[in-house]
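Colleague: output the structure for:
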Amino acid sequence: MQLATALVILLAVAGSRSAPLHSVDREGFRLALVLACMTAPVALAGGMAHRATAGSWEWVHAETSSWWVRARSAHLAVWVLLGAVILFPLQWPQLVRANWRLDGSLLADELMVFAPLLLPMLLSWAAFLEVEAGPGRGRVSARSRRVAWVWLQARHYLVLPLVPVAVVLVTEDAAQWLAPRLLDGPQTTALHALLLALLIAAFPWLARLALGSQPLADGPLRRRLVASAQSWRLGLRDILVWSSEGRVVNAAVTGWMPGLRYIFLSDGLLRRLTDDEVSLVFTHEAGHLRHRHPVWRLMVLLVPLSAWYAAVGGDAVAPLRSGAAAAGTERAWQAAQLAPPAGLALAAIAAGVGVLLLGWFARRMEHQADLWTCRTASRGDRDEPLRAEAVEPYLRVLEKLHPPHPDRHRLLLWLHPRLEHRTQFLRGMLGDRPRETRFQLQQRLATAAIVPAILLPPIVRLLVG
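Modeller: Alright, predicted model coming up:
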């Protein structure tokens, strides 16, 4: 779901930025087709929910029903496909910005561009309520419950990708009104760099807001986890409970700098696991911090972005050679806008490479954090082979968190290995210290290659022109 929403938002930004500012014909016909494309995912969601609730809710629960998992994947694909149709063949951004003359208005044009993309998913979530959350209980009205459910889904899947985009768009619109020179020349690069730095620094706070989290209540479990974090020198700011009405059974970590790092434990996880099991999950998240995985994830995303910048920008790095005043970032956008198909194709290739590269690194990082968890739980000599008594309790916890599901598509496990792969990896390390050493060496070499991969494309562009 996160991948699909991020893709739609990126498509909206790319479509809006590359749209020519001249009017399109057959305005009414295009608008009617846009409304049809908006209606189709909602109608599909309603039909799916009707079929699902015709049986018992226990049979069709989203976590156990093979049919529902496949249907939700198909619904996501239809939503993304029709969103692309709205943006490009129907030229919705051009209709909004040129025909309706909303270009340059403070955020109004962007809101109109995003509306037909996001509204169908919000309404679909409303239709999925009885299927995925079960029948209502208590005195809460059906309308209030539906609104709360949609807000919960929006917080989890839309807030994090939308807020950074909104900050950039609002800043650029405000600069266009108040200080147009900031969007011309080298000031553009400085403005975007400043925004990127601020968003990176604020991301842990945004994640805390999006997940509706609160500090873990004081008690034996919190004191135990805090003591462990201090002994591992994680630079942790707090341990937070991720509010999901008990639906999410998971944990997460965020934060690139000591003192701005959070570990999230979902309320569903705290209800399902014992304190000892929660401690193992916490150790896994701590392993991500110990190996600086949040930093490396961010760096991995910069690899395709750097290649796109060097390829699309044409003479984006020319100012470094000639001292010209034009900014590389602005030239990259201009090149993409002069030839929208080529610019969008290169952007799509860069995004695809980024998805594949991040997925590969993220799955290896999960293996590394699993290994660190078992090593920490064994409390033995680091030079000794891994023992089964340290691995098997952790694997039982993973089975509780991620029960096997043969129909779950691998795209849904984009950033995490399958349970059987994690089990095979850890058991393969039992009694085989050289194999574990080789894996750690391969991981260090892979992460060491990230920074050169970021720097190489602009350096090559600078040298060969």
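Colleague: list the contacts of residue 114.
Modeller: 9, 12 (C-beta atoms under 8 Å, 6 or more residues apart in numbering). Bear in mind the C-beta positions are built from the backbone N, C-alpha and C, glycine included.
Colleague: can you classify it by secondary structure?
Modeller: helix (DSSP: H, G, I helix; E, B strand; the rest coil).
Colleague: mind giving me the packing neighbours of the strand or helix carrying residue 284?
Modeller: Here residue 284, judged by DSSP states H and E, is contained in helix 275-290. Here helix 275-290 touches helix 220-232, strand 251-254, strand 261-266, helix 267-272, helix 340-378, helix 388-401, going by 3 or more C-beta pairs under 8 Å, 6 or more residues apart in numbering; DSSP states H and E.
Colleague: can I assume residue 195 is in contact with residue 170?
Modeller: No. With contacts counted by C-beta atoms under 8 Å, residue 195 stays clear of residue 170, the gap being 10.2 Å.
Colleague: residue 127 and residue 24, how far apart?
Modeller: Look at residue 127 and residue 24: by C-beta to C-beta, to the nearest Å, they are 32 Å apart.
Colleague: who has more neighbours, the two?
Modeller: residue 127 (21 against 15; other C-beta atoms under 10 Å).
Colleague: wait, what's in contact with the more buried one?
Modeller: For residue 127, the contact set (C-beta under 8 Å, 6+ apart) comprises 42, 45-46, 48-49.
Colleague: redo the residues you listed as JSON lines? Include distance to residue 291 and secondary structure.
Modeller: Listed next are the contacts of residue 127 as JSON lines, based on distance: C-beta to C-beta, whole Å; DSSP: H, G, I helix; E, B strand; the rest coil:
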{"residue": "42", "distance to residue 291": "43", "secondary structure": "helix"}
{"residue": "45", "distance to residue 291": "40", "secondary structure": "helix"}
{"residue": "46", "distance to residue 291": "45", "secondary structure": "helix"}
{"residue": "48", "distance to residue 291": "41", "secondary structure": "helix"}
{"residue": "49", "distance to residue 291": "42", "secondary structure": "helix"}
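Colleague: now the helix or strand hosting residue 123: buried residues?
Modeller: Element membership for residue 123 (DSSP H and E) is helix 108-127. By neighbour count with 16 or more other C-beta atoms under 10 Å, helix 108-127 contains the buried residues 109-110, 112-114, 116-118, 120-121, 123-127.
Colleague: right, and residue 88 touches residue 15 too?
Modeller: Yes. Counting by C-beta under 8 Å, residue 15 is a contact partner of residue 88 at 6.2 Å.
Colleague: settle it for me: which of those two has more neighbours?
Modeller: residue 15 (22 against 19).
Colleague: the more buried one reaches residue 87, doesn't it?
Modeller: Yes. Assessed by C-beta under 8 Å, residue 15 is found in contact with residue 87 at 3.7 Å.
Colleague: what residues are shared contacts of those two?
Modeller: In contact with both residue 15 and residue 87: 93, 113, using C-beta under 8 Å, 6+ apart.
Colleague: show me the shaky parts of the stretch 51-200 of the chain.
Modeller: Within the stretch 51-200 of the chain, the segments meeting pLDDT under 70 span 55-65, 134-141, 182-186, 189.
Colleague: mind redoing it with 90?
Modeller: Applying pLDDT under 90 to the stretch 51-200 of the chain flags the ranges 51-73, 88, 91, 94, 97-111, 129-146, 148-149, 151-200.
Colleague: quick one: the helices in it, in order.
Modeller: Assignment of helices within the stretch 51-200 of the chain using DSSP state H, counting those that start in this stretch yields the ranges 57-60, 66-87, 92-94, 108-127, 129-133, 142-157, 159-178, 186-210.
Colleague: got these as TSV, with distance to residue 448 columns?
Modeller: Output for those, formatted as TSV (distance: least, C-beta to C-beta, whole Å):
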stretch	distance to residue 448
helix 57-60	48
helix 66-87	35
helix 92-94	41
helix 108-127	39
helix 129-133	43
helix 142-157	34
helix 159-178	28
helix 186-210	22
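Colleague: go through those and pick out the most buried.
Modeller: Most buried of these by mean neighbour count (mean count of other C-beta atoms under 10 Å) is helix 92-94; its value is a mean of 26.
Colleague: how close does the closest residue to residue 42 other than its chain neighbours get to residue 44?
Modeller: Excluding the flanking residues, the one nearest residue 42 by C-beta to C-beta, 6 or more residues apart in numbering is residue 123, at 4.6 Å. Remark: distance between residue 123 and residue 44 (C-beta to C-beta) = 11 Å.
Colleague: do the same with residue 455
Modeller: Distance of residue 455 to residue 44, given as C-beta to C-beta: 46 Å.
Colleague: ok, those two, which is more surrounded?
Modeller: The residue with more neighbours, out of residue 455 and residue 44, is residue 44; 19 against 13, by other C-beta under 10 Å.
Colleague: wait, what's in contact with the more buried one?
Modeller: 75, 78, 124.
Colleague: of those, just say which sits nearest to residue 353.
Modeller: Minimum separation from residue 353 among the contacts of residue 44 (C-beta to C-beta) is found for residue 78, which lies at 25.2 Å.
Colleague: quickly note the distance from that closest one to residue 176.
Modeller: 36 Å.
Colleague: again, but for residue 393
Modeller: 58 Å.
Colleague: what's the answer for residue 360, then?
Modeller: To residue 176, residue 360 is 39 Å away according to C-beta to C-beta.
Colleague: with residue 268 instead?
Modeller: From residue 268 across to residue 176, the span is 45 Å (C-beta to C-beta).
Colleague: tell me the domain boundaries of this structure?
Modeller: The record's domain split for the chain, according to automatic domain parsing, is 2-181, 214-290, 294-464.
Colleague: now the helix or strand hosting residue 50 and helix 66-87, what's the angle there?
Modeller: If you go by DSSP H and E, residue 50 is part of helix 27-53. Angle, helix 27-53 to helix 66-87, by axes from the mean of the first three to the mean of the last three C-alpha atoms, to 10 degrees: 170 degrees.
Colleague: got the angle for helix 27-53 vs helix 108-127?
Modeller: 20 degrees.
Colleague: for helix 27-53, which positions count as buried?
Modeller: Within helix 27-53, the residues scored as buried using 16+ other C-beta under 10 Å are 30, 33-34, 37-38, 40-42, 44-45, 48-49, 52.
Colleague: do the same with stretch 4-14
Modeller: Quick answer for stretch 4-14 (16+ other C-beta under 10 Å): 4-9, 11-14.
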